[in-house]
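Visitor: Curious how this folds, go ahead:
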Amino acid sequence: MKTKQVPIIVTLIAGLITCVIGFVMHMETGQFVKTWGIVLISFYILGCVAKLILDYNFKEETEEATEEAAEGAEAGEGAEAPGQEAASAEEME
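Guide: Coordinates of the predicted model:
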């Protein structure tokens, strides 16, 4: 899964919500800029944490699927398909 954009998307959504609330409440410019900066920095950090959690969880699932596929391939090497055994027995006669 591509998680590179998660911190950016979380930050932009938080910034947009902060802007809307600031305009609706008629905040002063200085107070708005301070609040907006704090919101952007804190939500960027939260987005990075969410990205790390997603990467960790999807990495485990990918490793498990790869291990299962490798085990399935190893088990399939020694055994022949039922149709192949019958064909080889007929050829020997």
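
Visitor: the longest helix in the chain is where?
Guide: helix 29-78 (DSSP state H).

Visitor: what helices or strands is that helix leaning on?
Guide: helix 6-24 (3 or more Cβ pairs under 8 Å, 6 or more residues apart in numbering; DSSP states H and E). Using the backbone N, CA and C atoms, a C-beta is placed for each residue, glycine as well.

Visitor: okay, the angle between the helix it packs on and helix 29-78?
Guide: 150 degrees (axes from the mean of the first three to the mean of the last three Cα atoms, to 10 degrees).

Visitor: Any idea how far helix 6-24 is from the middle of the chain?
Guide: Mean-position distance between helix 6-24 and its chain equals 22 Å (Cα atoms, centre = their mean, to the nearest Å).

Visitor: Identify the residues contacting that helix?
Guide: 32, 35-36, 39-40, 43-44, 46-48, 50-51, 54 (Cβ atoms under 8 Å, 6 or more residues apart in numbering).

Visitor: 6 Å - rerun?
Guide: 32, 36, 39, 40, 43, 44, 47, 48, 50, 51 (Cβ atoms under 6 Å, 6 or more residues apart in numbering).

Visitor: ok, now stretch 58-75?
Guide: Defining contact as Cβ under 6 Å, 6+ apart, one finds that stretch 58-75 is touched by residue 1.

Visitor: ok, now with 8 Å
Guide: 1, 3.

Visitor: What residues sit buried inside that stretch?
Guide: For stretch 58-75, a neighbour-count test (16 or more other Cβ atoms under 10 Å) marks nothing as buried.
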